[in-house]
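**Q** the sequence isn't on hand, but the structure is:
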């Protein structure tokens, strides 16, 4: 056990002292997130602008509008439901509030005799948990006094929450898990380069002259990569949450399980590359040949459904498709390309195939 | 005396090439044994079979009573190894590499601090191994071979590529291994190294052992004569030189002519006479005892360091 830990520690030290490797692991995915995030969320819904749709057109609805527009830090923009949703999807509205027809009449009736409460429709983007909660705080702040004034008893007006996916925000929500998948893939396949380097330098041969077992060597490599994968995951999720307000809606243990399985699958692919690359340069080349198609054809930057049919077929056989798709499902509730269990099964199957190939062809000297 | 290593009719081929072609030798406990020969002679393959890194095609390689080809996992905890190229994790420090290698053994002997002291690496303990000089790297490689306090140490070309000072410092270290009572098997293509360090040695060429014994035995077996040597004079053919009084054989080595003779004064007189006759003064005329180099030249017809 001590051997495995020492070797893992040695691997981690070698890795963290290699600036290029650190760049690819941490900086490269962050650059992607920050760059694309900045491009696609520019000027979005950072201001608290609510769309206002008045389908009632009574004095009561006008009073409600006045109550909202009196709030500090809130701007109202009059619109229709249809136009408002379009504007909101484009990322230019934080929320859309709709006063339904009959609102004034219901309020008047409620003052005399309590009836069923009337709804104020509130559209938000539930994937943006912070912003949604913020919107409802403001809605509640207005409806509280209004209800009190009307009846003095129970609520006469209640918010009715409706969900809408806003485009700019959903892009960054789409991107963060994709970039995590891409980073895990790179972390794994790049394992080939130091491995071939160690073999070329004769380090593997020197190790094989000690009582060290091969499973300990492989185990320490995988252990280090999985640890790095979890660090990467924390950094990428952290930046997504802090900078772009992308919240994890699924279970963290499920995210962790998928990250670990994904990391192991791509480390195994790295071992396959190391089985066929004789030199560090060759490993470098082969790694590029493998990672670029994976990066661009696995739905990292845009959904696979929007790809031409021929490329869709390619995407269907690439393992990163299933890692990124699974991550989107468990992290931000993304629309599944494949059921989650299929994602796990494909990755596990790919892992087994890669291990079999590496066990057959990998050479220590 | 008991044998630490017994090699019998060892064979190993790579494709059509017979790298080791029926080698046999014994190494006694506590002695420094050398395999001397040019690059590609089969020394490294032989040693790597003894280290349990390669399986032989045939013959026996018994180290400390263990069949190295059949039970390498039993052998590895007991032996120390320094490979031909000192393969070190480039980004780990001296201290970290020693600690790492100690963790591979159930019962490591010396502590990393003691090894650093012993191998004079104190100043470099926190330096990454890629910053080490050739001599320091090689000292660290031998230190790594000792982390498990082995009874037998295999050193493959320990001083290749080192400057003379670094080489002498490593020779001192190998001498100390002998003083500690350890058995040392080393390969080298430096005659001088073999002469200085080895109790016994085997001369290897083309996968076979040509001769083995102590340096004295090897030289004495081939030459009771002295060598008279001078820069080659083109006008003097080998036949005329061979006819000089006392000369038993003529050899060429790196632009020089070597005359092996039982009568040094007569031979020198003869050389001067012939040289004067063709109007040339012999340059760098020297007389010396024959060395291993001469033995190798006599055995193979070529100089070792060609």
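**A** Perfect, thanks for sending it. Keep in mind that what you see is a predicted model, and the values were worked out from it rather than measured. Residues are numbered from 1 along each chain as shown, chains lettered A, B, ... in the order given.

**Q** quick one: pLDDT of the nearest residue to residue B:135 once chain neighbours are set aside?
**A** Distances taken as CB to CB, 6 or more residues apart in numbering or on different chains place residue B:166 nearest to residue B:135, at 2.9 Å, with adjacent residues excluded. Using the backbone N, CA and C atoms, a C-beta is placed for each residue, glycine as well. Here, the pLDDT recorded for residue B:166 equals 88.

**Q** show me what the helix or strand where residue A:6 lies is packed up against.
**A** Assessed by DSSP states H and E, residue A:6 sits inside helix A:2-16. Contact here means 3 or more CB pairs under 8 Å, 6 or more residues apart in numbering or on different chains; DSSP states H and E; on that basis helix A:2-16 packs against helix A:19-22, helix A:214-244, helix B:94-102.

**Q** pipe those helices into TSV and attach mean neighbour count per row.
**A** Output for these, formatted as TSV (neighbours: other CB atoms under 10 Å in any protein chain shown):
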stretch	mean neighbour count
helix A:19-22	12
helix A:214-244	18
helix B:94-102	22
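
**Q** circling back to that earlier point, list the residues that contact the residue nearest to residue B:135.
**A** By CB atoms under 8 Å, 6 or more residues apart in numbering or on different chains, the residues touching residue B:166 are B:133-135, B:138, B:159.

**Q** any of those buried? List them.
**A** By neighbour count, with 16 or more other CB atoms under 10 Å in any protein chain shown, the contacts of residue B:166 hold B:135, B:138, B:159 as buried.

**Q** among the residues you listed, which are located in strands?
**A** Counting by DSSP state E, no part of the buried ones among the contacts of residue B:166 is found in strands.

**Q** looking at those residues, which one is closest to chain A?
**A** residue B:138 (13.4 Å; CB to the nearest CB).

**Q** next helix or strand past the lengthiest helix in chain B?
**A** Ordering each helix of chain B by length in residues (DSSP state H) puts helix B:164-179 first. Using DSSP H and E, the helix or strand that follows helix B:164-179 in sequence is strand B:183-188.

**Q** strand partners of that next one, parallel vs antiparallel please.
**A** strand B:32-36 (parallel), strand B:152-156 (parallel) (DSSP bridges).

**Q** want to try TSV for those strands, with distance to residue B:18 and mean neighbour count as columns?
**A** Output for these, formatted as TSV (distance: least, CB to CB, whole Å; neighbours: other CB atoms under 10 Å in any protein chain shown):
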stretch	distance to residue B:18	mean neighbour count
strand B:32-36	16	26
strand B:152-156	20	24
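
**Q** residue A:145 is nearest to which of those strands?
**A** Closest to residue A:145 of these, according to CB to CB: strand B:152-156, at 88.7 Å.

**Q** is stretch A:201-208 positioned near chain B?
**A** Yes: using CB under 8 Å from any CB of the partner chain, a contact is recorded between stretch A:201-208 and chain B, made by A:201-203, A:205-208.

**Q** just the ones of those in helices?
**A** Those of those mapping onto helices are A:201, A:203, A:205-208, per DSSP H.

**Q** which ones are touching residue B:153?
**A** By CB under 8 Å, 6+ apart, the contact set of residue B:153 is B:79-82, B:142, B:145-146, B:177, B:182-185.

**Q** now it: closest residue in space, sequence neighbours ignored.
**A** Using CB to CB, 6+ apart, the nearest residue to residue B:153 is residue B:80, at 4.1 Å.

**Q** would that neighbour count as being in a strand?
**A** Yes: counting by DSSP: H, G, I helix; E, B strand; the rest coil, residue B:80 falls inside a strand.

**Q** who's in contact with it?
**A** Contacts for residue B:80 (CB under 8 Å, 6+ apart) come out as B:145-148, B:150, B:152-154.

**Q** would CSV of the residues you listed with pLDDT be doable?
**A** Putting these into CSV (pLDDT from 0 to 100) gives the following:
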residue, pLDDT
B:145, 93
B:146, 92
B:147, 93
B:148, 92
B:150, 94
B:152, 95
B:153, 96
B:154, 96
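
**Q** looking at these, which one is closest to residue A:111?
**A** Nearest to residue A:111 among the contacts of residue B:80, counting by CB to CB, is residue B:147 at 90.1 Å.

**Q** thinking again about what came up before, as TSV, the strands paired with strand B:183-188 with distance to residue B:199 would be great.
**A** Output for the strands paired with strand B:183-188, formatted as TSV (distance: least, CB to CB, whole Å):
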stretch	distance to residue B:199
strand B:32-36	5
strand B:152-156	14
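
**Q** quick one: the residue nearest to the spatial centre of chain B from residue B:157, how far?
**A** Most central in chain B under CA atoms, centre = their mean is residue B:188, positioned 2.3 Å from the mean C-alpha point. Distance of residue B:188 to residue B:157, computed by CB to CB, to the nearest Å: 6 Å.

**Q** could I get the full set of helices for the stretch 151-300 of chain A?
**A** For the stretch 151-300 of chain A, the helices defined by DSSP state H, counting those that start in this stretch occupy A:167-189, A:192-201, A:203-208, A:214-244, A:252-276, A:280-297.

**Q** how distant is the first one from the center of its chain?
**A** On the basis of CA atoms, centre = their mean, to the nearest Å, helix A:167-189 sits 6 Å off its chain's mean C-alpha point.

**Q** got the angle for it vs helix A:252-276?
**A** Relative orientation of helix A:167-189 versus helix A:252-276 (axes from the mean of the first three to the mean of the last three CA atoms, to 10 degrees): 40 degrees.

**Q** shouldn't residue B:294 be in contact with residue B:220?
**A** No: using CB atoms under 8 Å, residue B:294 is not in contact with residue B:220; the gap is 11.8 Å.

**Q** who has more neighbours out of those two?
**A** The neighbour comparison of residue B:294 against residue B:220 (other CB atoms under 10 Å in any protein chain shown) goes to residue B:294, with 24 against 13.

**Q** what does the more buried one show for phi and psi?
**A** The phi and psi values for residue B:294, taken as degrees, to the nearest 10, are phi -70, psi -40.

**Q** dump the residue contacts of it.
**A** Counting by CB under 8 Å, 6+ apart, residue B:294 touches B:219, B:222-223, B:227, B:251, B:258, B:260.

**Q** also residue A:117?
**A** Residue A:117 makes contact with A:110, A:154-158, according to CB under 8 Å, 6+ apart.

**Q** just the residues you listed now: which is nearest chain B?
**A** residue A:158 (63.3 Å).

**Q** before we move on, the earlier item: could you measure from the residue nearest to residue B:153 over to residue B:162?
**A** Relative to residue B:162, residue B:80 is positioned 19 Å away (CB to CB).

**Q** also residue B:44?
**A** For residue B:44 relative to residue B:162 (CB to CB), the value is 18 Å.

**Q** and for residue B:60?
**A** 34 Å.

**Q** going along the chain, name the helices of chain B.
**A** Going by DSSP H, chain B shows helices at B:43-50, B:72-75, B:94-102, B:112-118, B:134-145, B:164-179, B:191-197, B:215-222, B:238-242, B:264-277, B:292-300.

**Q** actually, the stretch 1-150 of chain A.
**A** Going by DSSP H, counting those that start in this stretch, the stretch 1-150 of chain A shows helices at A:2-16, A:19-22, A:28-41, A:59-70, A:81-89, A:103-112, A:129-150.

**Q** I'd like those as TSV, with mean pLDDT appended.
**A** Formatted as TSV, the helices of the stretch 1-150 of chain A follow (pLDDT from 0 to 100):
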stretch	mean pLDDT
helix A:2-16	90
helix A:19-22	81
helix A:28-41	80
helix A:59-70	87
helix A:81-89	85
helix A:103-112	80
helix A:129-150	81
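
**Q** would JSON lines of these with distance to residue B:91 be doable?
**A** Converted to JSON lines, the helices of the stretch 1-150 of chain A look like this (distance: least, CB to CB, whole Å):
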{"stretch": "helix A:2-16", "distance to residue B:91": "5"}
{"stretch": "helix A:19-22", "distance to residue B:91": "10"}
{"stretch": "helix A:28-41", "distance to residue B:91": "20"}
{"stretch": "helix A:59-70", "distance to residue B:91": "61"}
{"stretch": "helix A:81-89", "distance to residue B:91": "50"}
{"stretch": "helix A:103-112", "distance to residue B:91": "70"}
{"stretch": "helix A:129-150", "distance to residue B:91": "42"}
